[in-house]
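> Predicted structure and sequence below. I'll ask about it afterward.
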Amino acid sequence: MEWDYHKTLTSIQNPLVKQVAKLKDRRHRDELGLMVIEGYREIARAFESGIRINQLFVCRERLQNEQAEGIIQQATQAGSEILEIDTRILEKIAYRENPDGLVAVARQPAWSLEDFRLSQCPLVVVAAGLEKPGNLGSILRSVDAAGADGVVVCDGITDPANPNVIRAATGTLFTAQLAKASPEETLLWLAEKRIRILAASPEGRNEFWDTDWRRPCAIVVGTEHAGLDKRWREGAEETVRIPMKGRADSLNVAVTTALLLFEAVRQRKGIASR
């Protein structure tokens, strides 16, 4: 299949190539308000969610999936700039090892609490101080799978546009709702929406299956090393823990979040969610 590319890039010194390569650094992403999306599934889910793709870089030598044609046609119809590149340029702009031939540059969503839509019985995850971007990506996958309302990132540290978040989320960064806010803004928002705060902690008072998850609630998870800060511990209606029978004193934060989410799903059977 031959595609009508808008432009062909042949030099790794091209200014646009250099600019995209710099988007691996958060400072440049924040300055320009852009993000890089790699992979067929991730780009397809971005399109499905209405994410505006500015440029789509296509390396014919690396295209490995028949879905490529549909993605390229969709990008063309959406008015994205289509650029044909060679392997050298692909490896310069791609974050992953062995990239599959498609790299998109998109504008970052607003990720605002004002745009966050809540169900009749909200179930929200609040990420407060996650240490690794991959954990946020895994949490987004669990939120998507559980049908929860979404994630609020409120630490100022974790960057949802980090390529490791996008990769770990397998595109669910674009299908699950996400907002960025300060802890103070998040606490106020939860209070206004009458969403009770349940803080996950190894020292939590109640075992997680003894907690009532059938009411509107926010699961607050923090760094595995330091846990939740004083604001969240004091603001929580309840602290919950997962019983540990081995020598490990805590679980990976993404694993913890998944367990809590699906306990909520189990308890909420038969309750309308949206």
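Nice, thanks for sending it over. What you see is a predicted model, and the numbers here were worked out from it, not measured in a lab. Residues are numbered from 1 along each chain as shown.
> quick one: buried residues of the least confident helix or strand in the chain by mean pLDDT?
Lowest mean confidence among the helices and strands of the chain (mean pLDDT, DSSP states H and E): helix 230-235, at a mean of 85. By neighbour count, and taking 16 or more other Cβ atoms under 10 Å as the criterion, the buried residues in helix 230-235 are 232-233, 235. Just so you know, the C-beta spots here come from the backbone N, C-alpha and C atoms, and that holds for glycine as well.
> From T223, how far out is V240?
17 Å (Cβ to Cβ, to the nearest Å).
> Looking at those two, which has the bigger crowd around it?
Counted by other Cβ atoms under 10 Å, V240 and T223 do not tie: V240 has more neighbours, with 23 against 18.
> Phi and psi next, for the more buried one.
In this entry, V240 is assigned phi and psi values of phi -120, psi 150 (degrees, to the nearest 10).
> can you check L34 too?
Taking degrees, to the nearest 10, you get phi -120, psi 170 for the backbone angles of L34.
> Helix, strand or coil: sort out the closest residue to L228 other than its chain neighbours for me.
Here the nearest residue to L228 in space, its sequence neighbours aside, is G222; by Cβ to Cβ, 6 or more residues apart in numbering that works out to 4.0 Å. Judged by DSSP: H, G, I helix; E, B strand; the rest coil, the three-state class of G222 is strand.
> So G222 sits against A128, correct?
Yes - with contact defined as Cβ atoms under 8 Å, G222 and A128 form a contacting pair (4.7 Å).
> quick one: common contacting residues for these two?
Residues touching both G222 and A128 by Cβ atoms under 8 Å, 6 or more residues apart in numbering: 228-229, 232.
> Considering those residues, which is situated nearest to M244?
In terms of Cβ to Cβ, no member of the shared contacts of G222 and A128 lies closer to M244 than L228, at 17.3 Å.
> Now do the closest one against A199, distance only.
Between L228 and A199 the computed distance is 6 Å (Cβ to Cβ).
> Which one of these two is surrounded by more residues?
Under the neighbour definition other Cβ under 10 Å, L228 and A199 were set side by side, and A199 has more, 25 against 21.
> contacting residues for the more buried one?
The neighbours of A199, taking Cβ under 8 Å, 6+ apart as the test, are 220, 228, 232-233, 236, 238-240.
> Repeat the analysis, applying 6 Å as the threshold.
Applying Cβ atoms under 6 Å, 6 or more residues apart in numbering, one finds that A199 lies in contact with 220, 228, 232, 236, 239.
> circling back: which residues are contacting the least confident helix or strand of the chain?
With Cβ under 6 Å, 6+ apart as the test, helix 230-235 has contacts from 128, 183, 187, 197, 199, 220.
> Retrieve the pLDDT associated with the fifth one.
It stands for A199. Model confidence at A199, given as pLDDT, is 92.
> can you list the domain ranges for the chain.
The chain breaks down by automatic domain parsing into domains covering 7-107, 113-267.
> Next, the distance between the ends of the first one.
According to Cα to Cα, to the nearest Å, domain 7-107 extends 20 Å from its N-terminal end residue to its C-terminal end residue.
> list the buried ones in the strand or helix carrying K92?
In the assignment (DSSP states H and E), K92 maps to helix 87-93. Using 16+ other Cβ under 10 Å as the test for burial, helix 87-93 gives 89-91, 93.
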